[in-house]
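Student: Sharing a model prediction with you, sequence too.
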Amino acid sequence: MPLPATRGADGAAERRDGAPPGGVPAPQRRPGSAHPAPPGGAPARPGPGPVPAGPPAGVPDRSGPGPVPAGPWGPVPTPAGDLRLVPVVPERDIDLLAGWMNDPAVAAFWELAGPASVTLAHLRAQLAAGHSTPCLGVLGSTAMSYFEIYRADLDPLARHYPARGHDTGVHVLIGGSGDRGRGVGSVLLRAVADLVLDTRPRCTRVLAEPDVRNTPSVSAFLTAGFRFSAEVALPGKRAALMIRERALREVL
């Protein structure tokens, strides 16, 4: 059963709903934002696209207070193929992302269904926040997922749990239904969490807050080495606080 996507606590900086069942992250949405099914004028839903031309490779130290620098993370090998995270360029990527957001399984949790302008406004808010970086997840040469990587300790989420400095949160959306329910989500979540820990030396924990109702997403995070920490009340939802700790990464 495919998972919907999730996002963060203030509705502007993160997605917190989880990954698809069996390892496919469900689309995640922000607490308090639930988008109805796409209206009749919603944009077409393009399938996974080719890797957009992105900034030059190279991974600078990302342990500072700001967002992920404008350069791809990776590639890193995974059982599903080589993964890269490519920072989103809204005007370039809007058609692909708006199409995904209008998939009913995604819209149920991300709540960004509707005209492309809805998704565009969300992306611009993410970039303006200063502590969150939206990225396309690229497997091989295909953009097939969307991630938001954010400083959880600088986010409204920090008001709802015992935050530590440099805590980093993750929201995830698997774009194509064909990639959901096959264990791909858990594979990507583990790889992305490891990328964060490898490139942010001062980060000791990677967090997620999927909706507690999104059991496939919670399951995917557990399979990816996250542990359930607590159930927390966020604006618009009750979330399962999931944590992957640096100290336990070789064990879980």
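Tutor: Cool, the structure landed. This structure is a prediction, so every number in the text was calculated from the model and none was measured.

Student: where along the stretch 151-252 of the chain do the strands fall?
Tutor: 168-174, 205-208, 227-234, 237-245 (DSSP state E, counting those that start in this stretch).

Student: Could you export those strands as CSV, including mean neighbour count?
Tutor: Glycine gets a C-beta too; all of them are placed from N, C-alpha and C. Formatted as CSV, the strands of the stretch 151-252 of the chain follow (neighbours: other Cβ atoms under 10 Å):
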stretch, mean neighbour count
strand 168-174, 32
strand 205-208, 28
strand 227-234, 15
strand 237-245, 23
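
Student: so where does residue 144 fall, helix or strand?
Tutor: In the assignment (DSSP states H and E), residue 144 maps to strand 142-151.

Student: Let's have the strands of the stretch 151-252 of the chain in CSV, adding distance to residue 149 and mean pLDDT.
Tutor: Listed next are these as CSV, based on distance: least, Cβ to Cβ, whole Å; pLDDT from 0 to 100:
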stretch, distance to residue 149, mean pLDDT
strand 168-174, 6, 96
strand 205-208, 9, 98
strand 227-234, 18, 97
strand 237-245, 13, 97
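
Student: Residue 136: which of those is closest?
Tutor: Of all these, the one in closest proximity to residue 136, counting by Cβ to Cβ, is strand 168-174 (10.2 Å).

Student: Which elements pack onto the helix or strand residue 106 falls within?
Tutor: Taking DSSP H and E as the definition, residue 106 sits inside helix 104-110. For helix 104-110, the elements it packs on are strand 5-6, strand 27-29, helix 90-101, judged by 3 or more Cβ pairs under 8 Å, 6 or more residues apart in numbering; DSSP states H and E.
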